[in-house]
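K.L.:
please work out how this folds:
(chains A, B and C)
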Amino acid sequence: MDTVWGLKEHLETELRQQGLWHLFTDVEMVLIPVLVAMERNGILLDTDLLREMSRELGEQLVKLEREIYSSVGHQFNINSPQQLGRVLFEELRLPQSRRTKSGYSTEASVMEALRGVHLVVEFVLQYRQLSKLKSTYIDVLPALINRKTGRVHTTFNQTGTATGRLSSSDPNLQNIPIRGELGGKIRRAIIAPPEAYLLSGDYSQIDLRVLAHLSQDPGLIAAFAQDEDIHSATACRLFGVSRDEVTPEMRRNAKTVNFGVIYGMSDYGLEQATKLSRGVSRDEVTPEMRRNAKTVNFGVIYGMSDYGLEQATKLSREEASQFIALYFEKYPKVKEYLETTKEQARKLGYVQTVLGRRRFLPEINSSNRVVREAAERMAINAPVQGSSADIIKIAMINLHREMERRSLKSKMLLQIHDELLFEVPEEEVEEMKSLVAEVMPSAFQLCVPLKVDIKVGRNWGEMA
DNA sequence: ACAATGGTCC
DNA sequence: ACTCGGACCATTGTA
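P.N.:
Here you go, the predicted model:
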């Protein structure tokens, strides 16, 4: 017993000395009862819908199975990457690109490229997608319903991540599908009880807003201050100057170059990169350009290399690296911030979030370049991702406290990194909307506003 | 039981 | 030689 109290003394002293006492007591400790309440609340499922989906999917999978076997000529285990690899790359002699340690890679990105080469590829991709969703969510979730509560209760792990995020397990309710038709359908099976609604509040672009704050980059700050669509704004910034200066010829040239870059047909020199800098007006920002800008935005947050960007955008390596150079030209303080962050990591051995949460990166000084650069990417990402995590934790605490103070019946159900999901009785919908709209944006004061989108619906799939 | 592979989310 | 940050989990195949 003495040693336990001694340990407490020691750790408290240590935390105080390191400036982490506030984070520990006022955030992490206070968050515990909030998480407990969320776990106990649990989520409600439409089991009929899931059962029906399972049946339908089962039929579809049998059909796909038959298609795959007949186009290959025999049966095999489609779920085995090993067997699938042998079928595709030995029997069918499809062109192989990447290899894994033990054979051929059959991951989706590899097979995407083989679409059209052989009919079976399309079937396998479909099969993969359907069977993934069926076996991971549609069939599993109903089996996890608690007999007493009739609900599914996840476990939130507060100490599991390197950055300060929460994680969710048994089941993981932070990776419920959302993309694609089927993803939305699965979310529709997460419902509110009669007379109640689901309400979600999600931070809009919180990572990029945090980056704007941490880097103090004027361009990023201005974009958010004016509540611009940041991806479009980035596209405009990378490709254009002020709208009224753009001549028709400049526009046309830039447009051509932009599409050339996007389609990655040829390589471009520095001159072309310069051309990129005066080009299109806002209304000429195409979906493709916006998408590439978006990728770069996220890429910066993640510490993406030019290789990663190449993979993500189909730009050639050279184009990609120029694109990044151009980005840093347009957002110079971001560049500066990334450098000083890495420098801090090298000097102190750690980086930190807005609340002082630390991630230690001993490998930042490794002589192995691959190891070192991995640590550098972590050094860049951790303060951004971690600060976002800090902020939403504060929001959760404040919301929970206020809901309790007002004796609201609404329940906090889930946190999905930048989003909170609530179950709200009909008569509390308006009050909860206002409350979430008030508390989430004011959880932490950055140098740019925090924006929150609020949606309400009878299920998690169709919320407006 | 564990590693490898693949895939879902933010 | 390089393969984007953070998670969790299903399945296969080997130990």
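K.L.:
now for residue A:36, how many residues are close by?
P.N.:
For residue A:36, the neighbour count with other CB atoms under 10 Å is 11. Glycine gets a C-beta too; all of them are placed from N, C-alpha and C.
K.L.:
and it, what element?
P.N.:
If you go by DSSP states H and E, residue A:36 is part of helix A:30-41.
K.L.:
need the residues of chain A near DNA strand B, please.
P.N.:
Counting by CB under 7 Å from any atom of the strand, the positions of chain A adjacent to DNA strand B are A:81, A:85, A:100-103, A:105-109, A:128-129, A:132-133, A:136, A:174-180, A:183, A:416-419.
K.L.:
quick check: which of those residues are also close to DNA strand C?
P.N.:
A:136, A:174, A:175, A:417.
K.L.:
part of a helix, is the second one?
P.N.:
No: inclusion of residue A:174 in a helix is not indicated when DSSP: H, G, I helix; E, B strand; the rest coil is applied; the result is coil.
K.L.:
I'd say it and residue A:165 touch.
P.N.:
No: between residue A:174 and residue A:165 there is no contact under CB atoms under 8 Å: 9.0 Å.
K.L.:
shared neighbours of the two, anything?
P.N.:
residue A:417 (CB atoms under 8 Å, 6 or more residues apart in numbering).
K.L.:
residue A:159 and DNA strand C, how far apart?
P.N.:
10 Å (CB to the nearest atom of the strand, to the nearest Å).
K.L.:
what's the answer for residue A:190, then?
P.N.:
Where DNA strand C is concerned, residue A:190 sits at a distance of 16 Å (CB to the nearest atom of the strand).
K.L.:
need the contact list for that residue.
P.N.:
A:43, A:44, A:45, A:46, A:176, A:198, A:459, A:460, A:461.
K.L.:
same deal with residue A:408?
P.N.:
Contacts of residue A:408 (CB under 8 Å, 6+ apart): A:428, A:431, A:432.
K.L.:
can you tell me which of the residues you listed are in helices?
P.N.:
Residues of the contacts of residue A:408 located in helices (DSSP state H): A:431, A:432.
K.L.:
who does residue A:421 bridge with?
P.N.:
With DSSP bridges as the criterion, residue A:421 is bridged to residue A:200, residue A:414.
K.L.:
surely it and residue A:200 touch.
P.N.:
Yes: look at residue A:421 against residue A:200 with CB under 8 Å: they come within range, at 5.0 Å.
K.L.:
on that earlier part again, closest one to residue A:217 out of the contacts of residue A:190, please.
P.N.:
residue A:176 (34.0 Å; CB to CB).
K.L.:
you'd agree the closest one is up against residue A:137?
P.N.:
Yes: Residue A:176 sits in contact with residue A:137 when judged by CB under 8 Å, with a separation of 6.6 Å.
K.L.:
list the residues that contact both of these two?
P.N.:
Shared contacts of residue A:176 and residue A:137, counting by CB under 8 Å, 6+ apart, come down to residue A:186.
K.L.:
which residues of chain A score low on pLDDT?
P.N.:
Flagging of chain A using pLDDT under 70 yields the residue ranges A:1, A:231-233, A:235, A:237-292, A:294-305, A:307-321, A:323-324.
K.L.:
could you pull out the strands for it?
P.N.:
A:44-45, A:99-100, A:103-104, A:155-157, A:167-169, A:190-191, A:196-203, A:350-352, A:358-360, A:411-415, A:419-425, A:452-457 (DSSP state E).
K.L.:
buried ones in the fifth one?
P.N.:
Neighbour-count burial for strand A:167-169 flags residue A:168 (criterion: 16 or more other CB atoms under 10 Å).
K.L.:
which strands and helices lie in contact with it?
P.N.:
With contacts defined as 3 or more CB pairs under 8 Å, 6 or more residues apart in numbering; DSSP states H and E, the packing partners of strand A:167-169 are strand A:155-157.
K.L.:
so, in contact with DNA strand C or not, the strand it packs on?
P.N.:
Yes: with CB under 7 Å from any atom of the strand as the criterion, DNA strand C is reached by strand A:155-157 at residue A:157.
K.L.:
so what does that strand touch, helix or strand wise?
P.N.:
helix A:30-41, strand A:167-169.
K.L.:
who touches the longest one?
P.N.:
Outside of helix A:30-41, the residues within contact range by CB under 8 Å, 6+ apart are A:151, A:153-156, A:158, A:166, A:393, A:396-397, A:400, A:411-415, A:423.
K.L.:
what about that helix, near DNA strand C?
P.N.:
No: judged by CB under 7 Å from any atom of the strand, helix A:30-41 and DNA strand C are separated, with a smallest distance of 13.2 Å.
K.L.:
report the distance from stretch A:341-357 to the chain centre.
P.N.:
22 Å (CA atoms, centre = their mean, to the nearest Å).
K.L.:
which neighbours do residue A:421 and residue A:200 share?
P.N.:
residue A:460.
K.L.:
quick one, helices of the stretch 351-464 of chain A?
P.N.:
Secondary structure of the stretch 351-464 of chain A, counting by DSSP state H, counting those that start in this stretch: helices at A:369-405, A:429-439.
K.L.:
distance to DNA strand C and mean neighbour count for these - can I get that in JSON lines?
P.N.:
What follows is these, written out as JSON lines (distance: least, CB to the nearest atom of the strand, whole Å; neighbours: other CB atoms under 10 Å):
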{"stretch": "helix A:369-405", "distance to DNA strand C": "4", "mean neighbour count": "20"}
{"stretch": "helix A:429-439", "distance to DNA strand C": "23", "mean neighbour count": "17"}
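K.L.:
just put those helices in TSV and tack on distance to residue A:212.
P.N.:
Listed next are these as TSV, based on distance: least, CB to CB, whole Å:
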stretch	distance to residue A:212
helix A:369-405	10
helix A:429-439	21
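K.L.:
for the ones next to DNA strand C among the residues of chain A next to DNA strand B, which one is nearest residue A:54?
P.N.:
Closest to residue A:54, out of all of these and judged by CB to CB, is residue A:136, at 12.1 Å.
K.L.:
what's the neighbour count on the closest one?
P.N.:
16.
K.L.:
equivalent analysis for residue A:418, please.
P.N.:
Residue A:418 - counted by other CB under 10 Å - has 18 other residues nearby.
K.L.:
that one touches residue A:392, doesn't it?
P.N.:
Yes: Residue A:418 lies in contact with residue A:392 (CB under 8 Å); the separation is 6.5 Å.
K.L.:
what's the closest of the helices and strands packed on strand A:155-157 to residue A:193?
P.N.:
That would be helix A:30-41 among those, by CB to CB, at 11.4 Å.
K.L.:
neighbours around the closest residue to residue A:75 other than its chain neighbours, how many?
P.N.:
Nearest residue to residue A:75 in three dimensions, chain neighbours excluded: residue A:69, at 5.0 Å (CB to CB, 6 or more residues apart in numbering). By other CB under 10 Å, 15 other residues sit near residue A:69.
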